[in-house]
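Engineer: pasting the sequence and the predicted model now:
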Amino acid sequence: MFHTRPEELTAEERKVITDLLWKEMREIYYGRNIPAV
């Protein structure tokens, strides 16, 4: 997603990216993979 501005993405693409980032942050914070919520 380098050199891509948020305005260039659809709302659905932004939501998918945000959801994946939150999932990764939770995995890093808790030190393990957790099931999807």
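Structural biologist: Okay, I see it.
Engineer: residues contacting P6?
Structural biologist: Each residue near P6 by CB atoms under 8 Å, 6 or more residues apart in numbering is listed here: R14. To be clear about C-beta, it is placed using only N, CA and C from the backbone, and glycine gets the same treatment.
Engineer: ok, now with 10 Å
Structural biologist: E13, R14, I17 (CB atoms under 10 Å, 6 or more residues apart in numbering).
Engineer: from what I see, the first one and E7 are in contact.
Structural biologist: No - under the contact definition of CB atoms under 10 Å, E13 does not touch E7, with a separation of 11.4 Å.
Engineer: with neighbour numbers in mind, choose between the two.
Structural biologist: Neighbour tally, E13 and E7, criterion other CB atoms under 10 Å: the higher count belongs to E13, 13 against 6.
Engineer: report the separation between the more buried one and W22.
Structural biologist: Using CB to CB, to the nearest Å, we find E13 at a distance of 15 Å from W22.
Engineer: export the contacts of P6 to JSON lines and tack on secondary structure and distance to Y30?
Structural biologist: Listed next are the contacts of P6 as JSON lines, based on DSSP: H, G, I helix; E, B strand; the rest coil; distance: CB to CB, whole Å:
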{"residue": "E13", "secondary structure": "helix", "distance to Y30": "27"}
{"residue": "R14", "secondary structure": "helix", "distance to Y30": "25"}
{"residue": "I17", "secondary structure": "helix", "distance to Y30": "21"}
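Engineer: all helices of the protein, in order?
Structural biologist: For the chain, the helices defined by DSSP state H cover 11-30.
Engineer: so, low pLDDT: which residues of it?
Structural biologist: Within the chain, the stretches with pLDDT under 70 are 1, 33-37.
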